[in-house]
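Colleague: Any chance you can model this:
(chains A, B, C and D)
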2 protein chains.
Amino acid sequence: MAVTLADVAARAGVSAATVSRVLNGNYPVAGTTRSRVLRAVEELEYVVNGPASSLAAATSDLIGVLVNDIADPFFGIIAGGVQSRIAPVDAPDGRGRKLAVVCTTGGSPEQELTYLTLLQRQRAAAVILTGGAVEDPAHQAALAAALRRIERAGARVVLCGRPPLTPPVAGDEGGTEGEAPEADTAVAPDGTEVPLPRAVDLPHPACLAFDNRGGARALTEHLISLGHREIGYLAGPAERTTTRHRLEGHRAALDAAGLTDGAGDRVVHGRFDRDSGYGGARELLRRFPGLTAIAAANDTVALGACAALREAGLRVPEDVSVTGFDDLPFAAEAAPALTTARLPLHEAGARAGLLALGVEEPPPGGVTVVGTELRVRASTAPPPSGPRPARAG
Amino acid sequence: MAVTLADVAARAGVSAATVSRVLNGNYPVAGTTRSRVLRAVEELEYVVNGPASSLAAATSDLIGVLVNDIADPFFGIIAGGVQSRIAPVDAPDGRGRKLAVVCTTGGSPEQELTYLTLLQRQRAAAVILTGGAVEDPAHQAALAAALRRIERAGARVVLCGRPPLTPPVAGDEGGTEGEAPEADTAVAPDGTEVPLPRAVDLPHPACLAFDNRGGARALTEHLISLGHREIGYLAGPAERTTTRHRLEGHRAALDAAGLTDGAGDRVVHGRFDRDSGYGGARELLRRFPGLTAIAAANDTVALGACAALREAGLRVPEDVSVTGFDDLPFAAEAAPALTTARLPLHEAGARAGLLALGVEEPPPGGVTVVGTELRVRASTAPPPSGPRPARAG
DNA sequence: CCCGGAGTAGAAAGCGCTTACTACGGTGTG
DNA sequence: CACACCGTAGTAAGCGCTTTCTACTCCGGG
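Modeller: So this is what the prediction gives:
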């Protein structure tokens, strides 16, 4: 029914092999033959049959991108970064251009696994996993197994915005990998040396790990430097690595300032959305009436918190300071503009795209730490009573 | 190298045909055989070769989604809506799940055509085009031709958020289609009857047309009803249908109120981004110092305008009212919260997904008008001097 | 007891492409 | 002048799956 290679070949008076070679340009073809073939292609409006081509060549032009929610700008921006590299707009025609298969997992490990299988089935050339991981060891193990299977099938695997996989409890692969998983260290953007776990599970790991700890720590340190002593924290879902790392950074800042409260953390867990910020802030206010600042798990949560504060008759930042995380575009436009930690999401996505294409090689160990940058804006200020000396020794 | 159907068949002691039938479930297989096959599949970790399957069955599980920019929540939300239907999370395993190939076109017709070819090559089951179209007749014709080719290749075509294709100047298809392209009418959400052009170019059109005219008109009417008489308009790129339709709605409201100024429109064209809003608002202020309201092409532009106004020492809405369009999530969180026209983007995307799957049939004529809903928030108020009667007769 | 029809499974012919491998002029060299 | 070799192009064997057609077994009814 559709036009095939053979039709083009017949029209051009050559063999199918020649047409294929002209189209793929990986074999010398005489100029006159080439132009005759190209004319036939034009005239017949021939379009290659991708599946057939993928079957024969055992490759495909698809790159899977797993995201929690494509409607969330956090992931949209990463996906945009990926696309900018795997399908540059200036590429002539569509030659060599890869297609992004965007899979919305809702952050569920089961969905991740399902999509991973689906992508393997499509013989995707690469798979990019974004978003924090769920910490459940069983899930980690299942995920590692799925990724190993995918790599074995010839696809590249890139982790973007999530830490390397945690090592499996038992070496169920027979231990044929030679490399011992020593803990490396890396220098974080703020100059401190941080332990760098290696993506030990994957033969060919490529991992862009966001420095969530460092960013959160910088934000809370900023609050402390403004004079805040009672700082609430609106954490994300407890089971996510991102949540844990940001919370760790927050606590590290508190610890370093000697602000660890005997009464326990001023932390409320929720999700990464606005409503969680709203509800969480209300709960924080109720439980810790003396709060002068709230650090939120991300910008969206921070916005919800601001709304709750306003509703409670509190001004931001005059009465309560608020910080976000990520620096999504709306953070700068919010009222007040959010103090936050900028994550270069587009750049990270672009880098992930390059790693997925194999254009760029991951560093030894596979892990690159993507740093954050503190963005001080209008949502933070000294506490109402002005800076006061810390009472704790 | 990889596990194939034949391997599974051998292990289960059946023929490849039987394995295929078990996996596809479209042919009766005895229970015992089925479970033997499934066990072999499990044991060998067999994953179907998608390209091979697509080649043999002449179908694929891919659905193309063309967007201007996936990092823009406008498109992200539509894409999310699409995904919610083509890959519902509650679907068992991954059975019957389609994959979304998201293609970022930057709004360029050339990129659209390139991606359309790439998707046709992948033998995508359907293609969803989002975002307004460029009005250039040459592009429209080329696009129509490409879409017709895609339909002929067996894929469904869905237009989401753009008007039906304009008819080609010449009937280059030989006029074999029986249907005469009569102009239908439809009842818009506000009760008025609007002309409804048919997607005459496509044999099987499915088009979700956003009511940009109606939404823009409602916004400007709202401003007029508050007492505004000098209303600036920050339009999008002149060549886009979306821009034109929103501008038409704006002007219709002005006309109806007798506010059409002999001095010409208070309109500045730009893009659909924040910087355009910022720069455009500055220009509007310079050229029309008496403005008391600015209607923006969309929420993002409105935000930029708000920033420019603030910078100029003008308060929103006390000195100048501002309206957006789309009602993206951040619109409600902005300061002040934006008065805007809500477009049900997620729902539209979901609907597009259903149309793409063929689960839902388009109405006769193919065009469904997606209405907007006025959202009055804090960015609009009566003009500084208070409501005054219109002077014009 | 024989035959027809379910019900189930296998054989085999592709689907349209890629890619060894082979073939065949034409040129340069010993 | 024969030989080798390069530059091109054709032949044909798959790639792994779906699906039609055929075949076999087992029943129940005549």
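
Colleague: Provide a list of residues in contact with whichever residue of the stretch 251-393 of chain A sits closest to DNA strand D.
Modeller: Using Cβ to the nearest atom of the strand, the closest approach of the stretch 251-393 of chain A to DNA strand D is made by A:G358 at 21.5 Å. Any C-beta I mention is one placed from the backbone N, CA and C, and that applies to glycine too. Contact analysis of A:G358 by Cβ atoms under 8 Å, 6 or more residues apart in numbering or on different chains lists A:A126, A:R156.

Colleague: Likewise for A:A58?
Modeller: Taking Cβ under 8 Å, 6+ apart as the test, what A:A58 contacts is A:R123, A:G154.

Colleague: The one 5 residues further on too?
Modeller: In this structure, A:I63 makes contact with A:82, A:86, A:98-101, A:124-128, A:353, A:356-357, judged by Cβ under 8 Å, 6+ apart.

Colleague: make it 7 Å
Modeller: A:I86, A:K98, A:L99, A:A100, A:V101, A:A124, A:A125, A:A126, A:I128, A:A356 (Cβ atoms under 7 Å, 6 or more residues apart in numbering or on different chains).

Colleague: that's a strand at it, yeah?
Modeller: Yes. Checked against DSSP: H, G, I helix; E, B strand; the rest coil, A:I63 lies within a strand.

Colleague: Enumerate the residues of chain A near DNA strand D.
Modeller: A:13-18, A:28-30, A:32-33, A:52, A:55-56, A:58 (Cβ under 7 Å from any atom of the strand).

Colleague: What's the ChimeraX line that selects buried ones from these?
Modeller: Selecting only the buried entries of the residues of chain A next to DNA strand D in ChimeraX, with 16 or more other Cβ atoms under 10 Å in any protein chain shown as the criterion:
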select /A:14,18,29,33,52,55
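
Colleague: can you narrow the residues of chain A next to DNA strand D to ones near DNA strand C?
Modeller: A:A16, A:A17, A:A52, A:L55, A:A56.

Colleague: Which is the succeeding secondary structure element to whatever helix or strand A:L254 lives in?
Modeller: Using DSSP states H and E, the element containing A:L254 is helix A:241-256. Downstream of helix A:241-256, the next assigned helix or strand under DSSP H and E is strand A:267-269.

Colleague: Using neighbour counts, pick out the buried residues of stretch A:56-68.
Modeller: Buried residues in stretch A:56-68 (16+ other Cβ under 10 Å): A:S60, A:D61, A:L62, A:I63, A:G64, A:V65, A:L66, A:V67, A:N68.

Colleague: so how far is DNA strand C from A:F210?
Modeller: According to Cβ to the nearest atom of the strand, to the nearest Å, A:F210 and DNA strand C sit 37 Å apart.

Colleague: Is that residue bridged to anything, and to what?
Modeller: A:V370 (DSSP bridges).

Colleague: if we can go back for a sec, neighbouring contacts of the helix holding A:L254?
Modeller: A:132-133, A:135, A:162-163, A:212-217, A:220-221, A:224, A:233, A:235-237, A:260, A:267, A:295, A:297, A:325.

Colleague: do the same with stretch A:24-42
Modeller: A:V8, A:R11, A:A12, A:V14, A:T18, A:V19, A:R21, A:V22.

Colleague: Serialize those residues to CSV and add fields for pLDDT.
Modeller: Shown next, in CSV, are these (pLDDT from 0 to 100):
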residue, pLDDT
A:V8, 96
A:R11, 95
A:A12, 95
A:V14, 94
A:T18, 95
A:V19, 95
A:R21, 94
A:V22, 95
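
Colleague: how close does the nearest residue to A:I224 once chain neighbours are set aside get to A:D265?
Modeller: Nearest residue to A:I224, sequence neighbours excluded (Cβ to Cβ, 6 or more residues apart in numbering or on different chains): A:A257, at 4.8 Å. Separation of A:A257 from A:D265 (Cβ to Cβ, to the nearest Å) stands at 14 Å.

Colleague: thinking again about what came up before, out of the contacts of A:I63, what pair is the most spread apart?
Modeller: A:L99 and A:I128 (12.9 Å; Cβ to Cβ).

Colleague: Pick out whichever of the two has more residues nearby.
Modeller: Neighbour totals were compared for A:L99 and A:I128, and A:I128 leads with 30 against 27 (other Cβ atoms under 10 Å in any protein chain shown).

Colleague: Sheet-wise, list the partners of the host helix or strand of that one with their directions.
Modeller: For A:I128, the element it lies in under DSSP H and E is strand A:126-130. Strand A:126-130 has these partner strands in its sheet, going by DSSP bridges: strand A:62-67 (parallel), strand A:156-160 (parallel).

Colleague: Relative to B:L119, which of these is closest?
Modeller: strand A:62-67 (11.4 Å).

Colleague: CA atoms of that closest one as CSV?
Modeller: This file holds the C-alpha atoms of strand A:62-67, laid out as CSV (Å, rounded to 0.1, in the frame of the first residue of the first chain):
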residue,chain,number,x,y,z
LEU,A,62,13.8,7.0,20.3
ILE,A,63,15.0,8.3,23.6
GLY,A,64,12.8,7.7,26.6
VAL,A,65,12.4,10.5,29.2
LEU,A,66,10.8,9.5,32.4
VAL,A,67,9.3,12.3,34.4
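
Colleague: Outside of whatever helix or strand comes next after it itself, list whatever touches it.
Modeller: Reading on from strand A:62-67 to the C-terminus, the next helix or strand found by DSSP H and E is helix A:73-86. Contacts to helix A:73-86, defined as Cβ under 7 Å, 6+ apart, come from residues A:63, A:65, A:67-70, A:98, A:100, A:102, A:128, A:130-131, A:160-161, A:326, A:328-329, A:345-350, A:352-354, A:356-357, B:69-71, B:73, B:76, B:102, B:104.

Colleague: Please produce a PyMOL select command covering the buried subset of those.
Modeller: Command for PyMOL, covering only those of those found buried under the criterion 16+ other Cβ under 10 Å:
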select buried, (chain A and resi 63+65+67+68+69+70+98+100+102+128+130+131+160+161+326+328+329+345+346+348+349+350+352+353+354+356+357) or (chain B and resi 69+70+71+73+76+102+104)
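
Colleague: Would you mind listing what in the stretch 1-150 of chain A touches chain B?
Modeller: A:2, A:45, A:47-52, A:54-55, A:60, A:69-71, A:73, A:76-77, A:79-80, A:83, A:89, A:93-94, A:97, A:99-104, A:106, A:111, A:114, A:117-118, A:120-123, A:149 (Cβ under 7 Å from any Cβ of the partner chain).

Colleague: thinking again about what came up before, I'd like the buried residues of stretch A:56-68 as CSV, with distance to B:F288 and pLDDT appended.
Modeller: Formatted as CSV, the buried residues of stretch A:56-68 follow (distance: Cβ to Cβ, whole Å; pLDDT from 0 to 100):
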residue, distance to B:F288, pLDDT
A:S60, 55, 95
A:D61, 51, 96
A:L62, 51, 97
A:I63, 49, 98
A:G64, 50, 98
A:V65, 45, 98
A:L66, 49, 98
A:V67, 43, 98
A:N68, 45, 97
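
Colleague: Can you name the residue of chain A nearest to chain B?
Modeller: At 2.1 Å from chain B, A:A335 is the closest residue in chain A, using Cβ to the nearest Cβ.

Colleague: mind listing what that residue touches?
Modeller: B:A334, B:A335.

Colleague: try 6 Å this time
Modeller: Residues near A:A335 by Cβ atoms under 6 Å, 6 or more residues apart in numbering or on different chains: B:A335.

Colleague: do the same with the one 5 residues further on
Modeller: Shown here is A:T340, whose contacts under the criterion Cβ under 6 Å, 6+ apart are A:D299, A:G324, A:F325, A:D327, A:A331, A:R375.

Colleague: redo that, cut-off 8 Å
Modeller: Contacts of A:T340 (Cβ under 8 Å, 6+ apart): A:L219, A:D299, A:A302, A:T323, A:G324, A:F325, A:D326, A:D327, A:A331, A:R375, A:R377.

Colleague: Those residues in helices, which ones?
Modeller: Those of those mapping onto helices are A:L219, A:D299, A:A302, A:A331, per DSSP state H.
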